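A.B. asks: After the sequence you'll find the predicted model.
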Amino acid sequence: MTTHQRGEVQEYFSRLQEEISAALEAIDGKNRFTNDPWTYDASASGPRRKGGGLTKVMENGAVFEKAGVNFSAVESHLTEKLAGRMGVRAQKVFATGTSLVLHPFSPMIPSIHMNLRYMELESGDAWFGGGIDLTPYYIRADDIRKYHASLKKICDAYDPDWYTRFKNNCDQYFYLSHRNETRGVGGIFFDYERENPELLFRFVRDLGGNFVPMYGVIVEARRHEAWGRKEKIWQEIRRGRYAEFNLLYDRGTLFGLETEGRTESILMSLPPYVRWGYDYQPEPGTREYDLLEVLHHPRSWL
């Protein structure tokens, strides 16, 4: 992309952060996001890093126990280790994007994650990446089917093969091999998409624009469902799996830490309260057991 187009992408991601956070405040109805702008200190970081971003966090709301919506646009340098993992030589990299993680207070409402990003190497190689994935604590098949149908409709407008390919990518990516289970019920995931930057940018904007309607309908359907201590404990156990994935496997977390990114913003995605009970196994026939059956056997939801 040209310098002008790169600026347009960066401006879009910044605007998307504002639009989504405003919509989430309306959904929550109680709390607002706090703004935490940051920039690299030139005297401390030297020429290897420059840029910054805005971290927006809401805690203890009516719906969201913790919600974070990040924007960043940074220039850094790939370490040999990170460059090797990406299959490129060590060099300067520009990265911009919006990422969000929402952890609702109610166990009946799923957590959700979205990341949309653009990366450009000093060599001129560039690509879009990102995706959306849903992490329920209790299976509501109708909600999940509608969510996947919405993602398929968006993908089909650009390429009839994208949904299947990106859905499979998501199931494979958000997989905890040490637990033999997926993190949630998936969605779509794509990375290193280079072939048609203009088309991909339109696709990314379509995903960003449809995020709140897709998730908001689930929140409204489930926000008044009853739950108790048993359900909250189960939510915290499952949040432990969420933390395990983010700290062990998540590319965004690894990229941010290895390029000496801002730690508080990177770890914003972690849930506020988690639980690791020793070898907890739900009883067959329970709703908790039903969730594990789904996570051990990814399926088509269409």
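C.D. replies: It's in.

A.B. asks: The strand or helix carrying Ala22 packs against which elements?
C.D. replies: Assigned by DSSP states H and E, Ala22 belongs to helix 3-28. In this structure, helix 3-28 packs against strand 50-59, strand 64-77, strand 92-104, strand 111-121, helix 197-222, with contacts taken as 3 or more Cβ pairs under 8 Å, 6 or more residues apart in numbering; DSSP states H and E. From N, CA and C alone the C-beta is placed, and that goes for glycine too.

A.B. asks: List the buried residues of that helix.
C.D. replies: 6, 9-10, 12-14, 16-17, 20-21, 24-25, 27-28 (16 or more other Cβ atoms under 10 Å).

A.B. asks: Among the residues you listed, which one lies nearest to Asn35?
C.D. replies: Nearest to Asn35 out of the buried residues of helix 3-28 is Ser21 (Cβ to Cβ; 9.1 Å).

A.B. asks: Am I right that the closest one is in contact with Lys56?
C.D. replies: Yes: judged on Cβ atoms under 8 Å, Ser21 makes contact with Lys56 at a distance of 5.1 Å.

A.B. asks: can you tell me how far the closest residue to Val294 other than its chain neighbours sits from Lys167?
C.D. replies: Distances taken as Cβ to Cβ, 6 or more residues apart in numbering put Ile139 closest to Val294, at 5.8 Å, once the chain neighbours are dropped. The gap separating Ile139 from Lys167 is 17 Å, by Cβ to Cβ, to the nearest Å.

A.B. asks: just Pro282 next, same as before
C.D. replies: In terms of Cβ to Cβ, Pro282 sits 27 Å off from Lys167.

A.B. asks: quick one, which of the two is more surrounded?
C.D. replies: Ranked by neighbour count (other Cβ atoms under 10 Å), Pro282 and Lys167 place Lys167 first, with 23 against 14.

A.B. asks: mind listing what the more buried one touches?
C.D. replies: Residues in contact with Lys167 (Cβ atoms under 8 Å, 6 or more residues apart in numbering) are 148, 151, 186-188.

A.B. asks: how deep is Arg134 tucked in, by neighbour count?
C.D. replies: One thing to correct before we go on: residue 134 is Leu, not Arg. Residues near Leu134, counting by other Cβ under 10 Å, number 25.

A.B. asks: Just the mean pLDDT for the helix or strand containing it, thanks.
C.D. replies: In the assignment (DSSP H and E), Leu134 maps to strand 126-135. Across strand 126-135, pLDDT averages out at 96.

A.B. asks: ok, now stretch 290-298?
C.D. replies: Averaging pLDDT along stretch 290-298 yields 96.

A.B. asks: for that stretch, which positions count as buried?
C.D. replies: For stretch 290-298, by 16+ other Cβ under 10 Å, it's 291-292, 294-295, 298.

A.B. asks: which residues in the stretch 151-300 of the chain form helices?
C.D. replies: Ranges of helices in the stretch 151-300 of the chain, per DSSP state H, counting those that start in this stretch, are 162-173, 197-222, 229-248, 251-258, 263-266, 287-296.

A.B. asks: Dump those into TSV; add distance to Ala73 as well.
C.D. replies: Putting the helices of the stretch 151-300 of the chain into TSV (distance: least, Cβ to Cβ, whole Å) gives the following:
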stretch	distance to Ala73
helix 162-173	24
helix 197-222	15
helix 229-248	22
helix 251-258	13
helix 263-266	12
helix 287-296	35
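
A.B. asks: With respect to Asn115, which of these lies nearest?
C.D. replies: helix 251-258 (6.1 Å).

A.B. asks: pLDDT on the closest one, on average?
C.D. replies: pLDDT averaged over helix 251-258 gives 82.

A.B. asks: what's the angle between it and strand 126-135?
C.D. replies: 120 degrees (axes from the mean of the first three to the mean of the last three Cα atoms, to 10 degrees).

A.B. asks: where does the chain have low pLDDT?
C.D. replies: Applying pLDDT under 70 to the chain picks out residues 4, 42-47.

A.B. asks: Count residues in the vicinity of the closest residue to Thr259 other than its chain neighbours, would you?
C.D. replies: Nearest residue to Thr259 in three dimensions, chain neighbours excluded: Ser76, at 4.2 Å (Cβ to Cβ, 6+ apart). Neighbours of Ser76 under the rule other Cβ under 10 Å: 22.
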